[in-house]
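[1] A predicted structure for the sequence below; I have some questions about it.
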Amino acid sequence: MKLKNIHTIYCNGSSLSAGGGLYNIDVKEIYKNSHGVEWDNEKDVTYAKYISDYFGCKLVHDAQCGSGAPRLIRRTYEYIQKVGIENAKKTLFLFEITDPIHRVDMFCKEINDYIIVNVRYDDYSDGRLSDLSVVYSYSPNDNPYSDNFFKGKIESDVLKYIDNFHDPIVYSNRFQGDLVGLFTFLDKLGIQYYYMFDNTKLKNPFDEVYVDLDLKHQLIIEDDVYTTSHFCHKHKLTIKDETHDYTEDTHPGYFGYKKFSEIAIDFIKSRLETTLLKTNELI
């Protein structure tokens, strides 16, 4: 089945879209031995892949573990600039939007590219930085750098910057308006997109705007389900569940992604015009 006037699906989000945890070798072995399923790249068993395959679309899978709204906004604009407005209008965008408070999008001159900086503040009552991780990608399939590449000077410099010039609340609040700006831009161009919010904090200042946006663009799976994470926790389809507690990893599991994608496909079919193709002839 083909989507009318759509030839590409672009997906962006965090580990909830990127197959977080499914790249671990031991987890892959458990699935192979217990369920008879295997894969090389974890993104090949995520909802974006299933959806693009079903509709016969090219997939641009741009989700990355550890990233959030800042990287999603930046990369979406970069994709549109790269392919041009007309090709962007033939793209269906799928967004899984995660709170940026622990997910800093930062440019690194050492590699002339952006890095993912994950920060935590929840170990101390006074809000001090308690943990910091600097990576290009958590997935071995997307990472050209060794685990130790950013250790030492780069990580130390990032820590100094975070300590001196970064406030997690100020940083997060910035993207409340940036998201509305992105959605307004896409609507202005008539570009098709659906989104999932991990929580509603980023919506709160603009609730009235989201009343209309949600009606047109919220990917609705179930009444009380907003993302793959909510869905897989509710239906016990996390990696932890599917490996029978071999790991404590509660990212969406292999079967969780498959089930989620089935519902998402039905939703997209109900919202967008489709053309059924059989033996290359229109029927």
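    Yep, that arrived. Numbering: from 1, shown residues only.

[2] contact partners for the nearest residue to residue 232 once chain neighbours are set aside?
    Residue nearest to residue 232 in three dimensions, not counting chain neighbours: residue 256, with 3.7 Å by Cβ to Cβ, 6 or more residues apart in numbering. To be clear about C-beta, it is placed using only N, CA and C from the backbone, and glycine gets the same treatment. Neighbour list for residue 256: 228, 231, 232, 235, 237, 238, 242 [criterion: Cβ atoms under 8 Å, 6 or more residues apart in numbering].

[3] keep only those of those residues that are in helices.
    Judged by DSSP state H, those include 228, 231, 232, 242 as members of helices.

[4] what would those look like in CSV with distance to residue 148, pLDDT and neighbour count?
    Output for those, formatted as CSV (distance: Cβ to Cβ, whole Å; pLDDT from 0 to 100; neighbours: other Cβ atoms under 10 Å):
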residue, distance to residue 148, pLDDT, neighbour count
228, 31, 96, 31
231, 36, 97, 25
232, 32, 98, 26
242, 32, 98, 24
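
[5] so which of those residues is the closest to residue 175?
    Taking Cβ to Cβ as the measure, residue 175 sits nearest to residue 228 out of the ones in helices among the contacts of residue 256, at 20.9 Å.

[6] hmm, that closest one is touching residue 259, no?
    No: if you go by Cβ atoms under 8 Å, residue 228 and residue 259 don't touch, sitting 9.9 Å apart.

[7] residue 182: what's its closest spatial neighbour, skipping adjacent residues?
    Using Cβ to Cβ, 6+ apart, the nearest residue to residue 182 is residue 73, at 5.4 Å.

[8] same deal with residue 221?
    residue 263 (5.1 Å).

[9] the one you found: neighbour count?
    Per other Cβ atoms under 10 Å, the neighbour tally for residue 263 reads 16.
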